[in-house]
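Asker: pasting the structure only:
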């Protein structure tokens with residue numbers, strides 16, 4: 001379930017980057033990149049914690 005949420009957040013981030021590029025909006029591109037990086041970091045952190053238990 002956690003990986004699905006991270007995948008959805010990554011997809012929304014990529015969509016934000018694409019739409020920000022089409023509209024020439026650097027703020028939307030930045031938010032999209034932050035969303036993707038945060039989702040990946042969340043998924044990696046969750047995976048590492050799961051292996052320790």
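Answerer: Done, it's in. Note that this is a predicted model, so its numbers are computed, not measured.

Asker: the strand or helix carrying residue 37 packs against which elements?
Answerer: For residue 37, the host element (DSSP states H and E) is helix 26-52. Secondary-structure packing of helix 26-52 (3 or more CB pairs under 8 Å, 6 or more residues apart in numbering; DSSP states H and E): helix 2-23. All C-beta atoms are positioned from the backbone trio N, CA, C, and that covers glycine.

Asker: buried residues, the helix it packs on. List them.
Answerer: Buried positions in helix 2-23, judged by neighbour count with 16 or more other CB atoms under 10 Å: 6, 9, 10, 13, 16, 17, 20.

Asker: quick check, pLDDT for the third one.
Answerer: Put plainly, it is residue 10. Here, the pLDDT recorded for residue 10 equals 94.

Asker: contacting residues for the closest residue to it other than its chain neighbours?
Answerer: Leaving aside its sequence neighbours, residue 10 sits nearest to residue 39 (CB to CB, 6 or more residues apart in numbering; 4.6 Å). The contact partners of residue 39, by CB atoms under 8 Å, 6 or more residues apart in numbering, come to 5, 6, 7, 9, 10, 13.
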